[in-house]
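Enquirer: predicted model follows, preceded by the sequence.
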Amino acid sequence: HGEFNQKIDYVFKVVLIGDSAVGKSQLLARFSRNEFSLDSKATVGVEFQTRTLNIDHKTIKAQIWDTAGQERYRAVTSAYYRGAVGAMLVYDMTKRQSFDHVVRWLEELRGHADKNIVVMLIGNKSDLSTLRAVPSEDAKEFAQQENLFFMETSALESTNVETAFLTVLTEIYRVIS
Ligand code: GDP
Ligand code: MG
């Protein structure tokens, strides 16, 4: 079986951060297993999923970390950020508060992670466009100011999920190679 014989050239640790219920676990399920669940339980325990892919003829194992449902208590530990070369900072585009909190998440990230970390701001749940509470322009402007990538996604409809992760992984590869 190909996967067992595959030589891994790089392992990239990427962390998911952002408020509870914005869709972090479902984005991860979509990217790593092409699955989605409408009634996902709060994640228990820090865990990660991996997916192996090729970038520029190199085999890259993406190790994507999901929070332990600790978002509410701001108890994400420094171990979570340790060694991360990428971050997906997720808000729910139907929940203004989750976007307002992005500033705090970014502070927390910059306090813990390597300064060269590649960060993608993600407005998730784009399928619920009639309930939009965050204009794209606001997020785009913020991302530009803070030097982040930005994309709106839907884990449910599988919109831009692959592109968002691949953009971050490709940029990480570009930075380190
Ligand atoms: P987390 O707490 O950030 O990990 O959020 P979850 O991944 O557990 O998702 C919270 C809720 O939002 C669940 O009911 C998901 O099914 C739902 N959800 C996640 N992503 C989407 C999406 O893209 N569209 C819609 N409509 N619901 C989503
Ligand atoms: Mg979760």
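Expert: Looks like it came in fine. Ligands and ions are numbered 1, 2, ... in the order given.

Enquirer: got the contact list for Glu162?
Expert: Phe31 (CB atoms under 8 Å, 6 or more residues apart in numbering). The way it works is simple: take the backbone N, C-alpha and C, and place the C-beta from them, glycine included.

Enquirer: return the set of buried residues in the helix or strand harbouring it.
Expert: Using DSSP states H and E, Glu162 maps to helix 161-176. For helix 161-176, the buried set under the neighbour-count rule, 16 or more other CB atoms under 10 Å, comprises 161, 164-165, 167-169, 171-173.

Enquirer: now these in TSV, with pLDDT?
Expert: Conversion of the buried residues of helix 161-176 to TSV gives the following (pLDDT from 0 to 100):
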residue	pLDDT
Val161	98
Ala164	98
Phe165	98
Thr167	98
Val168	98
Leu169	98
Glu171	98
Ile172	98
Tyr173	97
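
Enquirer: those: which two are farthest apart?
Expert: Farthest apart among these by CB to CB are Val161 and Tyr173. That separation is 18.8 Å.

Enquirer: count of neighbours near the closest residue to ligand 2 within the chain?
Expert: Nearest residue of the chain to ligand 2, counting by CB to the ion: Ser25, 3.3 Å away. Neighbourhood size, Ser25 [other CB atoms under 10 Å]: 21.

Enquirer: right, and it touches Asp66 too?
Expert: Yes - Ser25 is in contact with Asp66 according to CB atoms under 8 Å; the separation is 5.6 Å.

Enquirer: list the contacts of the nearest residue to Ser158 once chain neighbours are set aside.
Expert: Leaving aside its sequence neighbours, Ser158 sits nearest to Arg30 (CB to CB, 6 or more residues apart in numbering; 6.0 Å). Counting by CB under 8 Å, 6+ apart, Arg30 touches 36, 155, 158, 161.

Enquirer: then Ser154?
Expert: Contact analysis of Ser154 by CB under 8 Å, 6+ apart lists 124-127, 160-161.

Enquirer: so which of those also contact ligand 1?
Expert: Among these, proximity to ligand 1 is found for 124-125, 127 (CB under 6 Å from any ligand atom).

Enquirer: residue ranges with poor pLDDT in the protein?
Expert: Within the chain, the ranges that satisfy pLDDT under 70 run 1-5, 40-46, 72-75.

Enquirer: which residue ranges of it form strands?
Expert: 10-17, 47-55, 58-66, 86-92, 118-124, 149-153 (DSSP state E).

Enquirer: tell me the most buried of those?
Expert: strand 118-124 (a mean of 27; mean count of other CB atoms under 10 Å).
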